[in-house]
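> Could you look at this predicted model? Sequence included:
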Amino acid sequence: LQVCKTCIAAYLDNDEEDNTRCPKCDSVIDHVNPWRVLVFDRTLQSIAYKLVPHLYKEEIERQIAYYKERDLPYPPSLVEKLQEKRDEEEQQTIPANSDLHIYDDQVAICIDTKTKDIESFPRKFIICSSNATVTHLKKLLAKMIFQDPCQYRK
């Protein structure tokens, strides 16, 4: 059941009806204070936005359309969301020659050989992005050992 804040508030404020029950499933909300159980669940909203692509963007667009249709001023919370959206879009505009992983978390990896067949590496530690995959590391080691990153499958 999708209900806007205004409608649920009007439903709960209606003294003519039993407003302590859910309008959809008829379960008891709260006999004493039904307002107490109405809370904004930021955690659930955050999870939903992460699980459903573009949901946040569509929600903002619905809010904008709502206020435009009724010729109402945007509330401060929506103005803030719009500013955050603009800031994110500006940050996503990355020049083609920039290093895309420069701001990733960094991981230090120690490289040490177990056998004497391979001479020790000139650098014992590698600092790389936490997004580097095992294949990336294999290719790096192949380049260090064989001077050819294409031999990483050996």
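Great, that's in hand.

> which helices and strands sit right next to the longest helix along the chain?
If each helix of the chain is counted by residues according to DSSP state H, the longest one is helix 76-92. Other elements packing on helix 76-92 under the criterion 3 or more Cβ pairs under 8 Å, 6 or more residues apart in numbering; DSSP states H and E are helix 55-69. Every C-beta, even on glycine, is put in place using the N, C-alpha and C of the backbone.

> 6 Å instead, please
If contacts are counted by 3 or more Cβ pairs under 6 Å, 6 or more residues apart in numbering; DSSP states H and E, helix 76-92 sits against no helix or strand.

> contact partners of that helix?
With Cβ atoms under 6 Å, 6 or more residues apart in numbering as the contact definition, helix 76-92 has outside contacts at 60, 63.

> Any buried residues in it, and which?
For helix 76-92, the neighbour count (16 or more other Cβ atoms under 10 Å) marks K81 as buried.

> From the chain's centroid, how far away is that helix?
The gap between where helix 76-92 is centred and where its chain is centred comes out at 14 Å by Cα atoms, centre = their mean, to the nearest Å.

> quick one: strands adjacent to the helix or strand just after that helix?
Helices and strands here follow DSSP states H and E; after helix 76-92, the next one along the chain is strand 106-110. When sheet partners are counted by DSSP bridges, strand 106-110 sits next to strand 125-129 (antiparallel).

> burial count for V28?
For V28, the neighbour count with other Cβ atoms under 10 Å is 10.

> Return the residues in contact with it.
Applying Cβ under 6 Å, 6+ apart, we find V28 in contact with R21.

> Got phi/psi on it?
V28 adopts backbone torsions of phi -70, psi 130, taken as degrees, to the nearest 10.

> That one and I8, how far apart?
V28 sits 16 Å away from I8, going by Cβ to Cβ, to the nearest Å.

> Kindly report the same for C150.
According to Cβ to Cβ, C150 and I8 sit 62 Å apart.

> which one of those two has more residues nearby?
I8 (16 against 10).

> pretty sure that one is in a helix, no?
Yes - assessed with DSSP: H, G, I helix; E, B strand; the rest coil, I8 lies in a helix.
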